[in-house]
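Visitor: Mind folding the following:
(one chain, ligands or ions: 1)
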Amino acid sequence: MLTEAKLIQIRRQLHQIPELALQETMTQAYLKRVIAALPQTYLTVKTSADLPTALLVRVAGSQPQRTIGYRTDIDALPVTEHNGLAFQSTHPGIMHACGHDVHMTVALGLLSYFADQQPRDDLVFFFQPAEESESGGKLAYDRGLLTGKFRPDEFYGLHDHPDLPAGTIGCQLGTLFAGTSEVNLIIHGTSGHAAFPQKANDAIVIAASLVMQLQTIVARNVDPTACGVLTIGKITAGTIRNVIAGEARLEGTIRGLTQDMISFIQQRVREIAAGVALTYQARIDVSFNQGGYYPVENDPTLTTNFIRYMQTATDVDFQTTPPAMTGEDFGYLLAKIPGTMFWLGVDSPGGLHAANFQPNEASIFKGVTAIRGFLCDRMTQ
Ligand SMILES: CC(=O)N[C@@H](CCC[C@H](N)C(=O)O)C(=O)O
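Guide: From the prediction side, this is the model:
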């Protein structure tokens, strides 16, 4: 089994080569090298031309009653790292700012244990591309990567949590993460000279008004006792200070703990965009993309069992955690295959997606210990 020191070295090396969704070729090659150095007796490795950066590893069990799936995401974010680490990202403008380097390392720690100590049940490790965008989990499922001997009967996966103590496992019954829908708004105005606003239709002014009105959806339309989010994270408009912009593009994300909430916010976005277009005599195109980012619904029976183990194991710290508005395309996989998503505390000074996100590496070995214990316990049932 990979030692704690080796796992930390692996995490740091993965941290240095972050890659965006569906471009994870160096990461996949690195993972393959680590896996090739493990005992191979029980392992079968699978890749697919249908999703080239995905990687699956099956561990043959000794007396299998079921196939247990364990999923980790492998992609990174377009964030410029500000951590001042000796092992910081070597890919300009890209960073493991959501901790997928830690997720992968924990998965490798587990895999290395079971490559050495044959599990009772069959195991399938799924190194999934494109969690942050492009719905890699959905792509893998829809393109048949999780079929035949690689089809789990039940599925587990974690996400790191910056505010939980390092190594603490967090979970709850029911919905753990929100469903999300990407939203794109394109404002078509009329460009012109900055000195003659009366001859143009300024897309930047329209965008400003639109953003402020969109804010009223959560503030004034969503039931305050329910949960909804609408964030516009990117605006693109204009070329130079003395030209009125004829077009503006807004990109954002809608979140809700239920599908109904997501549909409701989408409908209000359409209505407000139509109203703003009328007010300013512009055209506004609205489009949504939910992909596989369904609300993450934990299976009641499997999750009760998971929580029971984590609460009673003497070497695990466990906290019940409320739902979060983060999204996860593991929600799609859990809609197809029952299972449990849970948190691993990493006690970071910076939050998820922040340039100073810096997980405490003590979480890695603690995470491996807790999850390995759970998987071994599950195989006795
Ligand atoms: C854990 C996490 O941060 N996940 C992402 C998932 C993104 C979903 C989609 N691209 C969107 O932006 O709606 C998140 O931002 O929560």
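Visitor: what's the strand or helix carrying residue 264 in contact with?
Guide: Using DSSP states H and E, residue 264 maps to helix 259-280. Helix 259-280 is touched from outside by 179-181, 183, 185, 189, 201, 205-206, 209-210, 213-214, 216-218, 221-222, 226-228, 230, 254-256, 282-284, 286, 288, 290, 294-295, with contacts defined as CB atoms under 8 Å, 6 or more residues apart in numbering. In short, each C-beta sits where N, CA and C put it, glycine included.
Visitor: can you check stretch 362-374 too?
Guide: 4, 7-8, 11, 70, 102, 105-106, 109-110, 113, 156, 158, 160, 166-167, 169, 306, 309-310, 313, 315-317, 344-347.
Visitor: neighbours around the closest residue to residue 109 other than its chain neighbours, how many?
Guide: The shortest distance from residue 109 to any non-neighbouring residue, by CB to CB, 6 or more residues apart in numbering, is to residue 368 (3.6 Å). Residue 368 has 25 neighbouring residues, counting by other CB atoms under 10 Å.
Visitor: Can you say which of the contacts of stretch 362-374 are buried?
Guide: Among the contacts of stretch 362-374, the ones that count as buried by 16 or more other CB atoms under 10 Å are 7-8, 11, 70, 102, 105-106, 109-110, 113, 156, 158, 160, 166-167, 169, 306, 309-310, 313, 316-317, 344-347.
Visitor: all strands for the stretch 151-300 of the chain, in order.
Guide: Taking DSSP state E, counting those that start in this stretch as the criterion, the stretch 151-300 of the chain contains strands spanning 154-161, 169-171, 174-177, 179-188, 192-193, 228-237, 243-244, 247-256, 283-289, 296-298.
Visitor: Check which helices and strands the helix or strand following the last one sits against.
Guide: Along the chain past strand 296-298, the next helix or strand (assigned with DSSP H and E) turns out to be helix 300-312. Judged by 3 or more CB pairs under 8 Å, 6 or more residues apart in numbering; DSSP states H and E, the packing partners of helix 300-312 are strand 169-171, strand 318-320, strand 339-345, helix 362-378.
Visitor: Outside of the first one itself, list whatever touches it.
Guide: Think strand 169-171. Residues contacting strand 169-171 (CB under 8 Å, 6+ apart): 161, 164, 298, 303, 306-307, 310, 316-321, 340-345, 367, 370.
Visitor: Same check on the second one?
Guide: Contacts with strand 318-320, where a contact means CB under 8 Å, 6+ apart, come from 164, 168, 169, 170, 171, 172, 307, 310, 311, 345.
Visitor: contacting residues for the nearest residue to the last one once chain neighbours are set aside?
Guide: Beyond its immediate neighbours in the sequence, the residue positioned closest to residue 345 (CB to CB, 6+ apart) is residue 164, lying 2.7 Å away. Contacts for residue 164 (CB under 8 Å, 6+ apart) come out as 170, 319, 321, 343, 344, 345, 346, 347.
Visitor: Distance check, residue 164 against residue 131.
Guide: Note on residue 164: its distance to residue 131, by CB to CB, to the nearest Å, is 20 Å.
Visitor: just residue 51 next, same as before
Guide: For residue 51, the distance to residue 131 - CB to CB - is 13 Å.
Visitor: Residue 222 too?
Guide: From residue 222 across to residue 131, the span is 26 Å (CB to CB).
Visitor: What of residue 295?
Guide: According to CB to CB, residue 295 stands 15 Å off from residue 131.
Visitor: Give me the more crowded residue out of those two.
Guide: Remark: of residue 295 and residue 131, residue 131 carries more neighbours, 27 against 24, as counted by other CB under 10 Å.
Visitor: Can you check the pLDDT for that one?
Guide: Predicted confidence (pLDDT) at residue 131: the value is 98.
Visitor: still on that earlier bit, I'd like to know which of the contacts of residue 164 is nearest to residue 148.
Guide: Nearest to residue 148 among those: residue 344, at 29.9 Å, using CB to CB.
Visitor: one step back: take the contacts of residue 164 and write them to CSV, including pLDDT and distance to the ligand.
Guide: Shown next, in CSV, are the contacts of residue 164 (pLDDT from 0 to 100; distance: CB to the nearest ligand atom, whole Å):
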residue, pLDDT, distance to the ligand
170, 98, 14
319, 98, 18
321, 98, 14
343, 98, 10
344, 98, 12
345, 98, 15
346, 98, 13
347, 98, 17
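Visitor: And the furthest pair within these?
Guide: Going by CB to CB, the pair spanning these furthest: 321 and 347, at 14.3 Å.
Visitor: Contact residues of the protein facing the ligand?
Guide: With CB under 6 Å from any ligand atom as the criterion, the chain meets the ligand at residues 98, 132, 133, 159, 180, 182, 253, 293, 326, 327, 328, 352.
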